[in-house]
Every structure is written in C-alpha cells, then in structure tokens.
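Trainee: need a 3D model of the sequence below.
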Amino acid sequence: MHSFIVVAAYTHSKCYPHFNRCPRQLDISNATSTGRIEQKCVTQRPEERANVALLRHGLLGSSPVYPEVAFSLDTLELYHRLRRHHPQLGIQPMARALCDLHNVNYTKLLRTQMSSAFDIYLNILQIARERCDFALGRRDSNWRLSNSCPCCHIQLEGEPALHPARLVAMDGNNSAKRVASAGAQDKRIFKSSYFLSREVVDQFKDEVKKRPEDDAPWAPIGDEGGDVTDGQTRTTSCAEHWKASAAENLKRALDIYETTGIFVSACRHGFIQIACEMVRSGELAKYPLALLNHTLDVLGDHTAFGYDIGCTFKETVARSKLVGPKAAACQVLFAVCAFHGYAHNRQCQLANHPLYLVGFGLEDLEGLERVFSGSNPVARLIRYASKYHWMQALDLHFRHWDEEKYAELSMFLYNNVRQSLTIIRDYSIDVKHLQAELNITDADIEGWVVEEREFLSGLKDEPEERVLEVAYVQALLDRAKADDKAVDYHEDSRRTNQLEAVRRTALHALNLANSVVGDFEKKLAIRTTWTPVDKKYQETLSYLRHREYHRALDRVQHLVMQRLLELSKANMSGTSYKARTAIWKALKTRGKAIRTALKKYNALALQMSPRAPSLQWKDVVTYTFVGEFDLLRNAYSRRDILTALWTTPRNREIAVKYFKTVRAREELKRADVELRRLETSIELERREYELAIRATAPHNAVLAAELRAQLRSRRRVQAIHVARIGRIRALPGYSGVSEMCPPSGVRHREVWDAGSSRGTDEDDTSTAMRPDGPLDDDTADMDDVFSDPAANDEMIRMTEVMEIISLDR
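Mentor: Numbers count the residues shown, from 1 in each chain. Have a look, this model is predicted:
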C-alpha cells in the first residue's frame with residue numbers, strides 16, 4: 001500500500017489549498033459561488049497507486065509515487081486547449097494564473113510540477129489516441145501520412161484520373177531553432193509520426209557533395225553534404241539567387257544552436273505530410289531528398305512537388321543514386337512555387353511555374369509559407385526547450401493544425417470553385433476579343449510559349465573575343481576623352497597652379513589609356529587602330545550600348561527582387577516589431593535606389609535602336625513584372641523577335657489570362673474529384689467508427705465511450721462540410737458530378753462493405769449505428785443535423801460570420 005500526503009490540489013475554478021495530515025485520504029476544499037468551502041474525501045484503496053486514486057476523482061499528481069501537488073484534469077485539458085489555439089502560452093504564465101486564482105505565492109517549483117503533470121497528461125492522451133486508432137484498424141505506422149487528407153489520399157471507383165495525382169509543397173524554415181545546451185538533463189525521446197529520425201535523414205548526406213569553391217568562412221565546422229544547388233552541373237541564375245538568400249540565413253545559424261530549423265512538406269490543402277530537423281546546418285539537400293524518398297515509399301506514383309528552388313532540385317534528384325531511379329519510376333514532377341517563381345528567370349518560369357504546367361490548376365504551392373507563419377509563435381516557446389519538449393510542442397501544433405485544415409477543407413474547395421468560375425467568366429471575354437482581332441486560336445497562344453522558350457534556350461553566353469572587342473572600344477573612347485582633357489603647356493603656362501595639376505592628371509590618364517589600347521590591340525592582333533568610321537568600330541559600339549542597357553536593366557531587376565523578398569518577410573505573421581521596422585526602413589531606401597536605377601535605364605533606353613520601352617515606378621513594383629526582365633534584356637539584342645506577337649505587352653497580358661482560364665478549368669475538374677472524395681470519406685469514417693464501437697463496446701466500454709466522443713467531434717465538423725458541399729454544387733456554372741462513389745482501396749472497401757448504409761430517411765439515419773437503436777443520443781442528433789437543410793444553412797452563415805470576425809481582429 002502506498003501512502004501519500006497531497007498538500008494542494010489546483011483547479012481552474014476557485015479552489016483553495018488544503019493541508020491534510022491523514023496518510024490514506026485527501027480532503028479537497030472547493031469554494032462555491034457563495035463562498036462556502038466544501039470538502040471532498042479521496043480514499044486510497046489497498047494496493048492502489050497514488051495517482052490512480054487521484055484520477056478516480058479527476059486529479060493528476062505531479063509525481064508518480066508521493067505526489068504533493070495535484071492538478072484537476074479539467075485544468076490540464078483547459079491548458080491543453082489554450083496551448084493548441086495559442087502556442088505562445090507557456091507553462092509559467094498558466095502556473096502564475098493558477099496561483100493568482102488560489103491566492104498563493106508563485107514558485108519555480110510549481111512551474112516544474114505543472115510541467116510534469118502536463119507531460120503525463122499529454123502522454124495519456126497519446127495512449128488513448130493510439131488505442132482508438134488500433135480499434136479503428138489504423139495500425140500502419142504510416143497511416144497518418146497516407147490518410148490524413150481525404151481529398152488527396154482516398155481514391156474512388158470510376159473517378160477520372162488526375163495528373164498529377166496529388167500536389168505537395170516542401171520548404172525549410174529556420175525559426176524553430178533549439179539551443180544546444182538547453183535541457184541536457186532530459187534524456188527522454190518524444191516519438192512523433194510527423195518527424196523522420198536524424199538517422200533516416202543522414203542516409204542521404206552523401207548524395208550531394210558541397211562544392212569546394214562555394215565554401216564560406218562562416219560555414220559551421222563539420223557541416224556535412226551540400227545544398228540543393230550543389231547538385232547542378234552548371235549553376236543557374238535561379239540557384240545563385242537562392243544561394244545568396246540561404247547564405248544570409250546560415251550566417252545567423254550560430255554554433256549555439258543544435259537544431260537550426262525544420263524542413264516540412266504539406267499537401268495542397270495544408271495537411272502536414274512529413275518533417276525533419278535541420279541539424280547544425282542550413283537547408284542542405286539531404287532534407288528534401290529524405291522527405292521525397294519517404295513520400296514516394298508511402299504515397300506512390302504521380303506526385304508533384306513544389307519547392308522554391310524546384311527547378312534546381314529536379315536536377316539534384318535526377319543525379320541522386322538513392323532517390324533518382326525511384327523518382328523516375330514514380331513519374332515525379334517538380335515545380336517552383338507561384339510567388340517565389342516570379343523571382344526566377346523567364347526561361348525557368350516557362351518550364352516550372354504552375355501557371356504553365358498542365359494539371360496544376362490554380363494551386364500556388366505556397367502552403368508552407370502559411371504553415372511557417374502559424375508555427376512561428378511555437379518557435380518562440382521552444383528556443384530553450386529540451387529535445388523532448390521541442391518535439392512535443394511541434395507535434396502538438398502540427399496535430400492541431402491538421403484538425404483546423406480538416407475543418408476548413410470544404411471552405412477551401414468552395415473558394416477554389418468560386419475563384420475558378422470567376423476567372424473563366426471574366427478572362428474568357430478578353431481572350432476571345434484578342435483571338436478575333438488577331439485571327440488566332442488557342443493553339444497559337446500556346447505556341448507563343450513554345451516560341452519564347454526556344455528563343456531563350458537558344459541564347460548563348462558572350463564569347464571572349466566579343467568581350468575583348470567591347471573593352472577595346474571602351475578604351476578608345478576613354479583615350480579620346482583623356483586626349484580632350486589634355487591641355488597645351490605653352491598656351492596655358494600662365495594659368496593657375498590648379499590648372500597645371502589638372503594638366504598633369506590628364507596627361508597621366510592619356511598615357512594610361514594609350515597603354516590599355518596597345519595592350520588590347522596586341523591581344524586582338526589589330527594592326528591598324530580602329531577609328532569611328534570603321535565598320536567594326538560601329539558594330540562594337542552598338543553592342544557596347546546594348547551591354548550598358550543590359551546592366552542597367554539588371555540593376556533594376558536586382559533591386560525589384562530584393563524589394564519583393566523584403567515585402568514578403570515584412571508581411572509574414574510572427575515577424576517581430578523590431579525586425580519589421582528595420583525591413584520597412586530598408587524598403588524605403590530600396591525605393592530610392594530603384595528610382596535612381598530607373599532614371600539611368602530610361603536614359604539608355606532612348607539610345608536603343610529601335611527605342612526600348614521606358615519603365616515607370618508603377619510598373620516595376622508589381623511582382624508579376626519580374627518575369628518580363630528577360631524579355632526586355634534579350635529582345636533588343638535580337639531584332640528578329642521584335643515583330644513576334646508574343647513580345648507585345650498587351651498580347652502577353654492576354655496570354656496570361658488565357659493560361660489562367662486553362663488552369664481554372666483544370667481546377668474545377670480536380671475540385672469535383674476532391675469534393676466527391678470528401679463526401680465519401682465522411683460516410684466511410686462513420687462506418688469505420690460504427691464497426692469499431694460495435695466490436696469494442698461489449699468488452700471495453702471505456703474505449704467505446706472514447707470512440708463515441710471522437711465521432712461526435714468529427715460529426716460536428718462534418719455537418720459543416722455536408723452543408724457546404726451542397727452550396728458548392730448549387731453555384732451557377734458548376735457542373736460537377738453529385739453521386740457518391742465507393743472507395744477503391746482494399747482496406748477502405750472492406751470497411752465500406754462491412755458498414756451499414758445510413759439510408760435516406762431520418763429514421764434509418766438515427767438507428768443505423770447499432771441494431772437496437774442509436775449508439776447514443778448525441779450521435780442521433782448529429783445525424784438529424786445532417787438531414788436538416790435549414791439548420792445546415794444557418795450553421796454555414798454562423799461559421800462565415802465567425803471567420804470574418806477573426807480576420808478583422
């Protein structure tokens with residue numbers, strides 16, 4: 001028999017600590033609304049553990065054998081719910097609030113005691129969840145990854161094939177750091193279904209070697225493997241821009257951090273697929289390779305991955321010995337994310353931007369930016385946490401994130417369908433007008449992209465001989481300027497000493513220019529010095545002006561891209577006030593630099609033949625304009641394309657609208673399939689729970705009760721989905737299929753066939769859960785909500801009002 005004395009029991013109601021001298025019972029003092037103190041006795045049975053006795057009365061002790069402080073389960077669940085919705089609420093403020101409520105002094109010990117009790121409470125919830133999953137037949141270790149999103153993972157009989165079958169985004173984030181020395185005494189390991197182990201990730205560390213010439217002095221000692229760009233045969237401008245941005249992040253990844261961030265993948269609906277830690281490094285190639293390999297092992301073929309450097313990662317995967325053959329066999333597709341894609345060069349956009357990829361619909365593949373925006377508040381709490389609590393906090397956040405994404409699933413489809421219908425209605429008019437005006441077809445507009453891609457791919461680097469010729473002509477121009485400044489000593493001998501100094505400087509510059517000209521004439525084997533009347537001189541001078549034009553345009557592009565990235569960071573949720581202020585100051589300075597660069601560009605544009613278009617501030621500050629820089633840069637060095645239809649700004653704008661209408665029609669097709677998958681998954685889940693409750697209730701009533709509680713919670717959300725599905729199908733212009741189809745997977749089909757159909761009338765609905773009546777009254781009431789259109793519409797309106805209120809706040 002275990003004897004113990006509980007000094008105080010804390011609840012979130014006003015309960016005062018009560019000291020007890022009896023070793024086998026606990027008196028708990030509860031203050032009622034009238035101020036009268038009531039006492040309740042907790043008796044410890046023979047051979048019963050202390051916490052078992054407390055749990056029978058809704059309390060959980062802070063230590064396993066001799067607990068002196070206990071917390072009510074309601075209080076722990078309240079903190080659990082608060083923590084899920086507001087991750088920045090740590091243990092300490094909650095413990096202080098309890099102390100204020102109980103009118104006792106706060107101590108650090110109480111914070112430790114509450115942390116211990118909360119850890120055990122979360123462990124209990126995890127065990128209960130695992131037992132429910134086992135009863136539901138969810139026994140595969142990868143069940144969450146392969147079933148978390150019903151719109152991506154459930155397949156139906158007779159549904160049209162989607163290519164790609166699913167859309168997944170992946171990216172890294174350096175906010176969730178963890179100090180290496182924090183929590184060293186806590187040796188516990190938290191197992192999460194969301195994270196790959198470090199050992200699994202390190203299997204890919206040798207797939208990409210770091211380039212020696214790219215090593216930086218600030219790189220951490222012992223950094224293993226290269227980043228994504230190191231896998232390229234030839235570095236592209238996209239890789240250079242990404243590498244420069246990554247370098248700035250790695251500079252701040254000091255040695256004090258063991259975990260420098262997380263790398264995550266999520267489906268297009270926002271459900272977290274898989275994640276891993278970034279350990280003492282930046283965004284190395286082994287992290288996306290590990291996630292890609294695991295995803296292909298679980299989900300299989302025809303998956304498309306969006307990555308902000310997806311163009312380069314595609315080549316890295318192809319060269320990987322471990323992942324390359326598997327990716328080729330699974331017909332994996334890669335794309336750059338829509339927003340990041342506008343910072344890539346035009347050739348990359350035409351090949352990898354979702355706007356020009358068949359089957360991607362209106363998906364922007366930027367879901368990870370929203371995930372990281374939501375996880376940034378968690379990062380503030382876990383910077384100095386132990387490994388156990390670091391993983392525990394992120395697992396808790398990701399689990400709550402997935403639940404919220406499930407609750408928003410029908411709204412996601414509703415918004416996408418409405419957006420697609422609007423795009424088709426509005427943009428089709430402009431496209432038809434242009435086609436009638438130019439007497440062209442859809443095939444002609446699509447051919448413009450092919451022509452532009454061929455033009456850009458045909459451009460070659462500047463030959464060395466041309467570079468020398470340009471430098472030679474520039475030297476001739478410099479010599480002519482120096483010769484004009486040189487003054488005659490005899491004519492100007494009576495001038496001031498200052499003029500004499502100018503003369504000496506000019507003569508020195510002239511001598512230097514003569515030396516430079518002679519050096520270039522020797523390298524180019526020029527026997528007679530070129531003069532302005534020579535044909536070769538004129539050709540090179542024209543090329544020189546184009547070169548200066550290109551450099552001015554490059555300067556504008558560089559500044560605009562920096563402004564674009566700074567704007568994205570300034571508007572990101574979780575950016576501190578100090579950082580946000582610094583970014584806006586940099587944006588103000590950047591704006592002045594852009595205006596100066598525009599003046600220089602416009603002056604050079606006037607010298608082009610034919611004259612290049614001038615640029616205005618209102619044009620370059622739009623992020624969609626970034627893709628036009630390559631056209632401006634190259635169109636005026638190749639006159640043969642100036643007459644092409646695809647170079648006209650108006651035609652290019654209409655072409656973008658055309659491709660958006662094409663993607664919108666693809667989005668409607670995908671949304672129709674996903675809508676039916678969601679509808680089938682709701683019925684499939686009901687039958688799955690029905691079978692589990694029937695099988696569990698006779699021998700484990702407690703587990704059956706937990707399953708019923710889970711079902712009630714899910715049905716509450718699913719009632720919104722069913723009502724919103726009806727609203728989607730009622731939208732003007734929507735013509736999707738409304739018939740429910742059975743699932744095609746072996747496991748899902750077994751559950752579908754074994755479970756009972758809900759029927760069409762309310763009587764069948766309310767009694768379908770078991771032969772002798774409903775499983776409980778709450779489940780029957782939930783079924784009634786499903787079949788009441790008025791209640792559904794009212795619920796939808798209330799939900800939308802709450803969403804508007806939350807956004808306004």
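
Trainee: now for M411, how many residues are close by?
Mentor: Residues near M411, counting by other C-beta atoms under 10 Å, number 17. (Glycine included, C-beta is placed from N, CA and C.)

Trainee: can you tell me the SS state at it?
Mentor: Classification of M411 by DSSP: H, G, I helix; E, B strand; the rest coil places it in helix.

Trainee: I figured it hits R724, correct?
Mentor: Yes. Assessed by C-beta atoms under 8 Å, M411 is found in contact with R724 at 6.6 Å.

Trainee: is it fair to say A70 lies in a strand?
Mentor: Yes. The assignment for A70 is a strand, going by three-state DSSP.

Trainee: pretty sure it contacts G58?
Mentor: No. The pair A70 / G58 is not scored as a contact, 9.6 Å apart, by C-beta under 8 Å.

Trainee: more neighbours: which of the two?
Mentor: A side-by-side neighbour count of A70 and G58, using other C-beta under 10 Å, places A70 first with 30 against 16.

Trainee: can you name the residues bridging to that one?
Mentor: Under DSSP bridges, the beta-bridge partners of A70 are A9, G61.

Trainee: just the helices from the stretch 701-809 of the chain, written as ranges.
Mentor: Shown for the stretch 701-809 of the chain, the helices assigned by DSSP state H, counting those that start in this stretch span residues 701-729, 746-754, 762-767, 777-786, 789-808.

Trainee: ranking the ones you listed by mean pLDDT, which is last?
Mentor: Set side by side, those differ in mean pLDDT, and helix 762-767 is lowest with a mean of 36.

Trainee: okay, and I424 sits in which element?
Mentor: Per DSSP states H and E: I424 is located in helix 409-438.

Trainee: next: I274.
Mentor: Using DSSP H and E, I274 maps to strand 272-279.

Trainee: now the element after that strand, going C-ward?
Mentor: Downstream of strand 272-279, the first helix or strand assigned by DSSP H and E is helix 286-299.

Trainee: what is the orientation angle of that next one with strand 272-279?
Mentor: On the basis of axes from the mean of the first three to the mean of the last three C-alpha atoms, to 10 degrees, helix 286-299 is oriented at 150 degrees to strand 272-279.

Trainee: the helix or strand just after helix 286-299 pairs with which strands?
Mentor: Counting by DSSP H and E, the next helix or strand C-terminal to helix 286-299 is strand 303-306. Sheet pairing here is set by DSSP bridges, and for strand 303-306 it gives strand 166-173 (parallel), strand 333-335 (parallel).

Trainee: just the C-alphas of strand 303-306, formatted as CSV.
Mentor: Taking Å, rounded to 0.1, in the frame of the first residue of the first chain, the C-alpha atoms of strand 303-306 are listed here in CSV:
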residue,chain,number,x,y,z
THR,A,303,3.1,13.1,-57.1
ALA,A,304,4.1,16.7,-57.9
PHE,A,305,6.3,18.6,-55.5
GLY,A,306,6.5,22.4,-55.3
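
Trainee: what's the mean pLDDT across it?
Mentor: Average pLDDT, strand 303-306: 94.

Trainee: can you name the element that comes right after it?
Mentor: Under the assignment DSSP H and E, the closest C-terminal helix or strand after strand 303-306 is helix 310-319.

Trainee: residues touching K669, list them.
Mentor: The neighbours of K669, taking C-beta atoms under 8 Å, 6 or more residues apart in numbering as the test, are 160, 162, 361.

Trainee: wait, a helix at it?
Mentor: Yes. The assignment for K669 is a helix, going by three-state DSSP.

Trainee: mind checking how far it is from L362?
Mentor: Noted for K669: a distance of 12 Å to L362, by C-beta to C-beta, to the nearest Å.

Trainee: ok, now F204?
Mentor: The gap separating F204 from L362 is 33 Å, by C-beta to C-beta.

Trainee: got it, and L284?
Mentor: From L284 across to L362, the span is 32 Å (C-beta to C-beta).

Trainee: higher neighbour count, the two?
Mentor: Remark: of L284 and L362, L284 carries more neighbours, 26 against 21, as counted by other C-beta under 10 Å.

Trainee: beta partners of the more buried one?
Mentor: For L284, the beta-bridge partners are D227 (DSSP bridges).

Trainee: what's the average pLDDT for the helix or strand harbouring C348?
Mentor: Per DSSP H and E: C348 is located in helix 346-352. Mean per-residue pLDDT for helix 346-352: 85.

Trainee: which other helices and strands contact that helix?
Mentor: If you count contacts as 3 or more C-beta pairs under 8 Å, 6 or more residues apart in numbering; DSSP states H and E, helix 346-352 packs onto helix 310-319, helix 338-341, helix 442-458, helix 629-635.

Trainee: if you set the cut-off to 10 Å instead, what comes out?
Mentor: If you count contacts as 3 or more C-beta pairs under 10 Å, 6 or more residues apart in numbering; DSSP states H and E, helix 346-352 packs onto helix 237-251, helix 310-319, strand 333-335, helix 338-341, helix 442-458, helix 629-635.

Trainee: mean pLDDT lowest where, among these?
Mentor: When I compare those, helix 629-635 is least confident, with a mean of 53.

Trainee: on that earlier part again, of the contacts of K669, keep whichever come out buried.
Mentor: For the contacts of K669, a burial check counting by 16 or more other C-beta atoms under 10 Å picks out 162, 361.

Trainee: ok, the contacts of K669 vs K187, which is closest?
Mentor: Closest approach between the contacts of K669 and K187, by C-beta to C-beta: L162, at 46.3 Å.

Trainee: from L122, how far out is A275?
Mentor: 19 Å.

Trainee: actually R708, not the one I wrote
Mentor: 22 Å.

Trainee: how about N514?
Mentor: 81 Å.

Trainee: return the helix or strand in this protein with minimum mean pLDDT.
Mentor: Taking mean pLDDT, DSSP states H and E as the measure, helix 762-767 is the helix or strand of the chain with the lowest mean score, a mean of 36.

Trainee: quick one on the thing from earlier: any chance of the strands paired with strand 303-306 in a markdown table, with distance to S320 and mean neighbour count too?
Mentor: Compiled in a markdown table, those are given as follows (distance: least, C-beta to C-beta, whole Å; neighbours: other C-beta atoms under 10 Å):
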| stretch | distance to S320 | mean neighbour count |
| --- | --- | --- |
| strand 166-173 | 15 | 25 |
| strand 333-335 | 13 | 23 |
